[in-house]
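1. Return atomic coordinates for the entry below.
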Amino acid sequence: MKTLNRLIPLLSLACLLAACSDSGPTEAQKKKAADEVSAIDIPEKTLESLFDVEEGFTLLSLKDFEVFNEKSTAPSEEKNWSEADGMISCKGTPRGYLYSSESFGNCTIRLEYRFPEAAEKNENPNTGFLFFITGENRIWPKCLEVQGKFAEMCHIKSNSKEIHLDVTDNESAREKARRPVGEWNTIEVVCKDGALTSVLNGTQIATSKPSELKSGFFGIQSEGDAVEFRNIRVQKLTD
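-> I've put the predicted structure just below:
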């Protein structure tokens with residue numbers, strides 16, 4: 001619907017120019033055309049998606065998550081997470097994570113994230129994406145993780161000592177696909193019967209075989225570095 005709304009002014013402009021093409025537009029018509037173009041609701045750059053638009057995905061915003069923080073009494077750390085213009089920002093402290101209000105099993109999750117250029121002072125800035133969060137909230141919860149850490153982007157691991165995970169990882173593919181600090185990277189994770197497949201900027205990086213965890217909440221980590229997220233989408237998969 002938003003796309004259609006943006007096209008309507010453009011169609012009106014095309015009709016206006018066609019109607020006056022024989023004799024040429026007057027100054028008044030030129031002004032009207034310019035005003036219509038400037039009135040088009042063009043989305044903020046932060047909302048532009050690096051993914052192709054596909055039906056069946058639900059866009060998640062900050063209101064779709066709960067916050068868990070490591071215990072801290074510092075007032076400056078109370079607002080670690082914020083959202084503006086469709087982008088979720090994390091300051092990195094205190095340590096903790098967002099976790100979805102809804103539990104997911106078989107699904108595909110897509111998102112885009114970047115470490116701001118200021119993060120270059122840290123050569124290996126860190127965050128992560130948590131899948132199948134189960135049990136109590138803690139640092140860190142029982143779950144599987146797709147790494148957001150720069151050097152290990154899209155690696156899959158277990159965040160629980162009692163869960164062994166059989167993982168295949170392609171380091172050379174990661175090196176070729178990864179974009180530098182300051183640029184957006186796209187992450188896609190397909191969850192199917194407990195097995196995960198991670199894709200970085202269109203390139204498959206890692207797979208894991210099923211474990212005992214097959215459903216749970218989805219989370220995004222705060223691990224000491226500023227990081228930004230946008231276009232977080234989920235598509236539930238049928239069996």
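
2. hey, let's count contacts and neighbours off CA atoms from now on
-> OK.

3. Give me the distance between the nearest residue to Ala226 once chain neighbours are set aside and Asp225.
-> Once flanking residues are discounted, Ala226 sits nearest to Lys91: 4.4 Å by C-alpha to C-alpha, 6 or more residues apart in numbering. Computed as C-alpha to C-alpha, to the nearest Å, the Lys91 to Asp225 distance reads 6 Å.

4. Show me which of those two is the more surrounded one.
-> Remark: of Lys91 and Asp225, Asp225 carries more neighbours, 22 against 18, as counted by other C-alpha atoms under 10 Å.

5. show me the residues around the more buried one that make contact.
-> For Asp225, the contact set (C-alpha atoms under 8 Å, 6 or more residues apart in numbering) comprises 90-93, 115, 119, 125-127.

6. The residue nearest to Ala226 against Glu223, yeah?
-> No - assessed by C-alpha atoms under 8 Å, Lys91 is found out of contact with Glu223, at 9.1 Å.

7. quick one: the helices in the protein?
-> Taking DSSP state H to define them, one finds helices in the chain at 2-19, 27-38, 171-177.

8. ok, of those, where does mean pLDDT dip lowest?
-> Ranked by mean pLDDT, the helices of the chain bottom out at helix 2-19, which scores a mean of 43.

9. so where is this protein shaky, pLDDT-wise?
-> Within the chain, the segments meeting pLDDT under 70 span 1-54, 72-78, 118-120, 239.

10. ok, Asp82 - how many residues close by?
-> If you look again at residue 82, you'll see it is Ser, not Asp. As a burial measure, Ser82 scores 12 neighbours (other C-alpha under 10 Å).

11. can you check Glu188 too?
-> 24.

12. what pairs with it across the strands?
-> Bridge pairing for Glu188 (DSSP bridges) gives the partners Arg110, Val199.

13. ok, it touching Ile205?
-> No - Glu188 is beyond contact range of Ile205, at 10.2 Å (criterion: C-alpha under 8 Å).

14. Identify the contacts common to those two.
-> With C-alpha under 8 Å, 6+ apart, Glu188 and Ile205 have common neighbours 198-199.
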